[in-house]
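Visitor: Give me coordinates for this.
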Amino acid sequence: MTPTSYARYDPTLKTRLEEEVGEVIYNTTNRPLSAELLIDLVQDVDGYIAGLDEVTNDVLSKANRLKVIARYGVGVDNIDLKAAARKGIVITNTPGANAMSVAELTVGLMIALARNIPEAAVQTRSGNWPRLSGTLLTGKTIGLIGFGAIGRCVAKLLGGFDCQILVYDPNINTQNEITSQVDCVERDFLIINSDFISLHCPSTPETTNFINAEFLSRMKLGSYIVNTARGDLVDEGALYDSLVSGHLRGAALDVFSEQPPNLDNPLLALDKVILTPHTGAHTDGAANEMGWGALNDCLAVLRGHEPENRVI
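Guide: Here you go, the predicted structure:
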């Protein structure tokens with residue numbers, strides 16, 4: 001099975017897949033598959049190229065022929081890794097393939113927040129001619145929580161804005177492990193000194209609701225937060241309260257705790273929140289690189305070879 005790409009992709013991906021295997025089952029829903037839908041689909045599948053589908057223990061218990069799940073992307077938090085390991089199913093991903101794509105969206109969202117671009121567009125289209133007060137990104141302090149492939153790309157892009165870039169990542173031990181353009185700091189220092197905080201860490205039990213009421217209360221008055229990582233990093237109720245109170249000036253979210261978000265999610269009603277539909281990786285370059293990486297690793301395992309990017 002393959003995820004449906006939301007961006008332009010190399011048509012030879014499909015051709016190569018169909019040439020190499022006997023039968024291909026495609027996801028034609030344009031959205032991640034639920035565990036309920038997957039249970040019936042995986043029973044006779046040998047290889048599975050997965051997007052953000054819910055690959056639970058119940059799903060894997062029915063996958064008696066499955067040898068490999070090749071993630072079209074980086075995160076594997078939607079896959080029950082323990083259940084996969086028990087059944088000897090190889091899990092792979094495509095680290096770094098979508099890094100620049102997500103990083104460009106991240107910086108774009110920062111600029112959109114700083115210059116009130118969505119509101120300006122709506123007002124102008126409505127026949128108004130507002131004078132909206134914006135914020136320069138140049139010269140500001142940007143805090144990056146997580147400094148893997150995406151975080152590093154964000155820092156590289158921000159280099160042209162003459163920003164001070166602070167990084168908090170517990171997996172980095174010394175300043176020597178990161179570039180000279182950024183400063184590795186403690187979490188509390190980053191929180192109280194950043195004009196923008198951008199999230200680039202994985203979803204783990206330790207990072208769930210990492211951005212909570214206490215965290216938000218310590219951010220600078222009038223600062224911004226951007227999340228293009230995972231929705232469960234943010235306590236959405238606490239974020240809503242901080243925005244309504246005026247403590248935070250704005251937020252940009254490409255991910256949500258529930259996707260798509262319910263229409264009664266109060267964040268959807270706030271003009272100071274920019275919302276996008278988990279679109280960070282949906283560019284031509286990222287789609288092709290993730291597609292080829294996932295396909296090649298899937299085929300490698302099916303042939304009895306070692307994949308390039310094994311998770312387990």
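Visitor: Tell me where the protein has helices.
Guide: 12-20, 35-41, 57-61, 81-86, 99-114, 117-125, 149-158, 187-193, 213-218, 236-245, 284-302 (DSSP state H).
Visitor: Export only the CA atoms of the third one, formatted as PDB.
Guide: Once non-C-alpha atoms are left out, helix 57-61 reads as follows in PDB (Å, rounded to 0.1, in the frame of the first residue of the first chain):
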ATOM      1  CA  ASN A  57      -1.400  -3.900  17.900                       C
ATOM      2  CA  ASP A  58      -4.800  -4.900  16.700                       C
ATOM      3  CA  VAL A  59      -3.800  -4.100  13.100                       C
ATOM      4  CA  LEU A  60      -0.500  -6.000  13.400                       C
ATOM      5  CA  SER A  61      -2.100  -9.000  15.000                       C
END
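Visitor: Pull out the buried residues from it.
Guide: Residues V59, L60 are the ones in helix 57-61 that count as buried (16 or more other CB atoms under 10 Å). C-betas here are computed from N, CA, C, even on glycine.
Visitor: returning to that earlier point: for the helices of the chain, which one sits closest to K67?
Guide: Ranking the helices of the chain by proximity to K67 (CB to CB) places helix 284-302 first, at 5.7 Å.
Visitor: The closest one - contacts with which helices or strands?
Guide: If you count contacts as 3 or more CB pairs under 8 Å, 6 or more residues apart in numbering; DSSP states H and E, helix 284-302 packs onto helix 12-20, strand 47-50, strand 68-71, strand 90-92, helix 99-114.
Visitor: now the angle between helix 99-114 and that helix, please.
Guide: 150 degrees (axes from the mean of the first three to the mean of the last three CA atoms, to 10 degrees).
Visitor: Any buried residues in helix 284-302, and which?
Guide: Result for helix 284-302 [16+ other CB under 10 Å]: buried residues 286-302.
Visitor: And stretch 83-97, by the same measure?
Guide: Result for stretch 83-97 [16+ other CB under 10 Å]: buried residues A83, A84, I89, V90, I91, T92, N93, T94, P95, G96, A97.
Visitor: One more: stretch 9-23?
Guide: Going by neighbour count (16+ other CB under 10 Å), the buried part of stretch 9-23 is Y9, L13, K14, R16, L17.
Visitor: Redo the residues you listed as JSON lines? Include distance to L137 and pLDDT.
Guide: Below are those laid out as JSON lines (distance: CB to CB, whole Å; pLDDT from 0 to 100):
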{"residue": "Y9", "distance to L137": "32", "pLDDT": "70"}
{"residue": "L13", "distance to L137": "36", "pLDDT": "91"}
{"residue": "K14", "distance to L137": "40", "pLDDT": "91"}
{"residue": "R16", "distance to L137": "42", "pLDDT": "94"}
{"residue": "L17", "distance to L137": "42", "pLDDT": "94"}
